[in-house]
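Chemist: Structure for this input, please:
(2 chains)
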Amino acid sequence: MDESRFIDIEGVEMVFHTKKGVFHALREIDLKVAKGEFITLIGHSGCGKSTLLNLIAGLLQPSDGVLLCANREIAGPSPERSVVFQNHSLLPWLTCYENIYLGVERVFGKAESKAQLRERTLQALALVGLTHAETKRPNEISGGMKQRVGIARALAMEPKVLLMDEPFGALDALTRAHLQDELLKIVAATKSTVVMVTHDVDEAVLLSDRIVMMTNGPAATIGEIVEVQLDRPRDRVALAADARYMEYRTAVLEFLYRKQAHPAKEAA
Amino acid sequence: MNAMLKPDDGATALAADAANVTEAAPARRPRRPLAANSTARVRRQVSATVMKIIAPLVGAALLVAVWQLITVNNSTFPTPAATLAEAVKLFSDPFYRNSPNDQGIGWNLLASLQRVGVGFGLAALIGIPLGFLIGRVQFVGSMFGPIISLLKPVSPLAWLPIGLLVFKSANPAAIWSIFICSIWPMIINTAVGVQRVPQDYMNVARVLNLSEWKVLTKILLPSALPYILTGVRLSIGTAWLVIVAAEMLTGGVGIGFWLWDEWNNLNVPHIIIAIVSIGLVGLLLEQALMALARAFTYEQVSN
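Modeler: Next comes the predicted model:
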């Protein structure tokens, strides 16, 4: 298999038929993601970056074009492309352990014993440093902890691709930085392929191998792609003074605020 | 040296005392607002007690006073005192059995509760699964939607003749009326609860690729449970309303029949006692189900 095109998106169009009429969300999307690559999708709100992520997840079907993952067409959602949702989406009536176990059981339940499933669940909790929260319900833990459980649930299924929809968007800056560092470590350890939606420029530069910048909607498409050639492991404090870091940052800001001024400003 | 030290000691002791005083003073200062807080708290507690206990008592006293006034110039209407005496007599022996038509008020209430329990239980057994189907499968929803809309506004008593015709007996006919009136709120609330399961949870189910059984038990049921319990609460309220009326028509043992029987005997105190008893039982049913609903309500994700 060609590892440079692990996820292969070709000529994807997305048209929504709503009550208000036809809405052309995405046009001519072509993107190839290599195995083990960390991609962020960035753009102004309403540019369809979440739509693109949902297409890769299989939660939406494209109006035209093809999406492939490991050479197989993406026909629907699957645990092999697990999603970390923006609002964590943990089931409030289950404990942290049970939330993770639900996915683990589905993926490995047929082949493994109960003890092995339990071991996997506990490992996932340990990976995000939440062993102590095993028996807690989502309403008993903080927002950052909930998001970590969401990440643990996604990782516990050993997905081929980890899809993240603004996973840290609702968190305060310090918690966010902490989770970004943790994510970097986890991804380095698991060698996951990640596609992440964000609107945070620093987050994009810090985490990504490539930053995919999207033009404004309607009919949004991929505007430019920045390759971030910073060595890993990355350290946010050291990078703050790094000239290349500033360069990448400026490139993204340039795109977002010069070439693609905010749609609200254009309208005004 | 000792003599030299002594005044020094005294001085340090004094200084320590002074320090104690100065320490004590700022320690005492914040106590004043604390004390003010505590009096405010006491005041709040007093006003809460007034609202919770005194006000309802004043309301009850007012009702009794109006009742007393009515009885002044009306000899057919019993006074509150006479009714209370009668109630004490009735409830001192609620479970006697002289003949099928002469039984204690306890038996009558239990007979009504049993009918409600059976009719309501059957309605839950059929209504909740049907609600799930209607909420989950659009075709089934469209299939039953118009029928439910048509039959829901019909008084359950209108179904009583059908019950009598089919079952050829009063007791199952009364249960049938309860069944009919209980089933609509349960079907509708369950269906709405299932339809309103947050899309996020359904996306989780799709990404995890959960089986339909897991979706039902781990997502739909817990998420719809508060709605289902609301349906149950509405149903049991209506069922308790309907049983009294149904029993007046069908006869036998039951609080509704007992009330009508006492009207035929012109025993007005008993009628009033029956009304209050029906109200109390209804209140207890409602409170019990509210407590149940609270125990099963979870914080949903916000979007």
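
Chemist: ok, which residues in chain A are in contact with chain B?
Modeler: A:57-59, A:76-79, A:81-83, A:85, A:87-94, A:102-103, A:106, A:137-139, A:157 (C-beta under 8 Å from any C-beta of the partner chain). Using the backbone N, CA and C atoms, a C-beta is placed for each residue, glycine as well.

Chemist: Among those, which are located in strands?
Modeler: A:81, A:82, A:83 (DSSP state E).

Chemist: Show me the helices in chain A, by range?
Modeler: A:49-57, A:96-108, A:114-127, A:143-156, A:173-190, A:201-207, A:236-239, A:243-254, A:263-267 (DSSP state H).

Chemist: got the angle between the fifth one and helix A:114-127?
Modeler: Angular relation of helix A:173-190 and helix A:114-127 on a 0 to 180 degree scale: 130 degrees, by axes from the mean of the first three to the mean of the last three C-alpha atoms, to 10 degrees.

Chemist: Report the mean confidence score over helix A:173-190.
Modeler: Summarised as a single mean, pLDDT over helix A:173-190 is 85.

Chemist: cool, and the third one?
Modeler: Helix A:114-127 comes out with an average pLDDT of 88.

Chemist: tell me which residues in stretch B:128-141 are buried?
Modeler: Neighbour-count burial for stretch B:128-141 flags B:128, B:130, B:131, B:132, B:133, B:134, B:135, B:136, B:141 (criterion: 16 or more other C-beta atoms under 10 Å in any protein chain shown).

Chemist: Please narrow these to those residing in helices.
Modeler: Within the buried residues of stretch B:128-141, residues falling in helices by DSSP H are B:128, B:130, B:131, B:132, B:133, B:134, B:135, B:136, B:141.

Chemist: residues touching the fifth one, list them.
Modeler: If I follow you right, that is residue B:133. residue B:140 (C-beta atoms under 8 Å, 6 or more residues apart in numbering or on different chains).

Chemist: Tell me, what's the model's pLDDT at it?
Modeler: 91.

Chemist: any idea how far residue B:179 is from it?
Modeler: 18 Å (C-beta to C-beta, to the nearest Å).

Chemist: got any ranges where chain A has weak pLDDT?
Modeler: Counting by pLDDT under 70, chain A shows low-confidence ranges at A:1-2, A:262-268.

Chemist: The same query, at a cut-off of 80, please.
Modeler: A:1-4, A:46, A:170, A:217, A:261-268 (pLDDT under 80).

Chemist: could you measure the most centrally placed residue in it against chain B, distance?
Modeler: The residue lying closest to the centre of chain A (C-alpha atoms, centre = their mean) is residue A:164, at 2.1 Å. For residue A:164, the distance to chain B equals 12 Å [C-beta to the nearest C-beta, to the nearest Å].

Chemist: quick one: contacts for that residue?
Modeler: Neighbouring residues of residue A:164 by C-beta under 8 Å, 6+ apart: A:53, A:83, A:84, A:151, A:154, A:194, A:195, A:196, A:197.

Chemist: Could you provide those residues in JSON lines, with additional columns for neighbour count and distance to residue A:68?
Modeler: Formatted as JSON lines, those follow (neighbours: other C-beta atoms under 10 Å in any protein chain shown; distance: C-beta to C-beta, whole Å):
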{"residue": "A:53", "neighbour count": "21", "distance to residue A:68": "16"}
{"residue": "A:83", "neighbour count": "30", "distance to residue A:68": "18"}
{"residue": "A:84", "neighbour count": "25", "distance to residue A:68": "22"}
{"residue": "A:151", "neighbour count": "25", "distance to residue A:68": "25"}
{"residue": "A:154", "neighbour count": "27", "distance to residue A:68": "21"}
{"residue": "A:194", "neighbour count": "23", "distance to residue A:68": "18"}
{"residue": "A:195", "neighbour count": "25", "distance to residue A:68": "14"}
{"residue": "A:196", "neighbour count": "25", "distance to residue A:68": "20"}
{"residue": "A:197", "neighbour count": "25", "distance to residue A:68": "20"}
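
Chemist: Tell me, how many residues neighbour residue A:96?
Modeler: Residues lying near residue A:96 (other C-beta atoms under 10 Å in any protein chain shown) number 29.

Chemist: same deal with residue A:231?
Modeler: Residues near residue A:231, counting by other C-beta under 10 Å: 9.

Chemist: Spatially nearest residue to the closest residue to chain A within the stretch 51-200 of chain B (excluding sequence neighbours)?
Modeler: Nearest residue of the stretch 51-200 of chain B to chain A (C-beta to the nearest C-beta) works out as residue B:200 at 4.2 Å. Nearest residue to residue B:200, sequence neighbours excluded (C-beta to C-beta, 6 or more residues apart in numbering or on different chains): residue A:89, at 4.2 Å.

Chemist: any idea how far that neighbour lies from residue B:166?
Modeler: Separation of residue A:89 from residue B:166 (C-beta to C-beta): 49 Å.

Chemist: Can you pick out the residue with more neighbours from these two?
Modeler: Using other C-beta under 10 Å as the criterion, residue A:89 and residue B:166 rank with residue A:89 on top: 24 against 11.
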